[in-house]
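Undergrad: sequence unknown, structure follows:
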């Protein structure tokens, strides 16, 4: 049966099918490998085993059919994503996020305890307490240099805001593009686990 859904909704369908398949997969394995009985409970074991085998075979068939459907949906989504340029925008978001993380790390790790290199000559050698002992040795005092000057920090702050805005713009575009519709054929046996109306 054909269904026309937004790309976002197709992603949800894949998610639902995968959750259901994981449960069915576990049931198949348990049904074929982990059914135990007590040695004194022999009455009707053939019928019980036959029932378990039938349910496991049905689950196995659903897993096979569902995994093929997931592959088909993902392939169709990948083609549509490429046509719409979603993949390229996602790559831009990823690149922006890397830059944002770098700028934020440099900016957030600046500290008032840092000393600019040109001010080091004014720091007396005895002004810093010695570090804690380590294996019986005293650690020499350490001063963290502020290597990034004010101009660079201001530039990184501007870049951070700019990259955040670019990332948000790309994500908004992606959200809009994911409203595009795609028509796919889904077997009726999968409608329930996919959350699709028959």
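TA: Alright, I've got the coordinates. None of the values given here were measured: they were computed from a predicted structure.

Undergrad: for the protein, name the helix or strand with the lowest mean pLDDT.
TA: Sorting the helices and strands of the chain by mean pLDDT, DSSP states H and E puts strand 133-134 at the bottom, at a mean of 58.

Undergrad: what does the pLDDT read for residue 126?
TA: What the model reports as pLDDT for residue 126 is 62.

Undergrad: oh, that last question was meant for residue 116, not what I typed.
TA: Residue-level pLDDT assigned to residue 116 equals 78.

Undergrad: what about it, distance to residue 99?
TA: Remark: distance between residue 116 and residue 99 (CB to CB, to the nearest Å) = 25 Å. For the C-beta atoms, the positions are set from N, CA and C on the backbone; glycine is no exception.

Undergrad: quick one, phi psi at residue 2?
TA: phi -80, psi 140 (degrees, to the nearest 10).

Undergrad: how near is the residue lying closest to it once chain neighbours are set aside to residue 90?
TA: Once flanking residues are discounted, residue 2 sits nearest to residue 185: 5.2 Å by CB to CB, 6 or more residues apart in numbering. From residue 185 across to residue 90, the span is 27 Å (CB to CB).

Undergrad: circling back to that earlier point, could you count how many residues lie near the residue nearest to residue 2?
TA: For residue 185, the count of nearby residues is 9 (other CB atoms under 10 Å).

Undergrad: is it true that it touches residue 69?
TA: No: Residue 185 is not in contact with residue 69 according to CB atoms under 8 Å; the separation is 9.1 Å.

Undergrad: need the contact list for residue 70.
TA: 14, 17, 18, 21 (CB atoms under 8 Å, 6 or more residues apart in numbering).

Undergrad: number of nearby residues for the first one?
TA: Okay, so that is residue 14. Residues near residue 14, counting by other CB under 10 Å: 18.

Undergrad: that's a helix at it, yeah?
TA: Yes: the assignment for residue 14, made by DSSP: H, G, I helix; E, B strand; the rest coil, places it in a helix.

Undergrad: how much space between it and residue 191?
TA: With CB to CB as the criterion, residue 14 and residue 191 are 14 Å apart.
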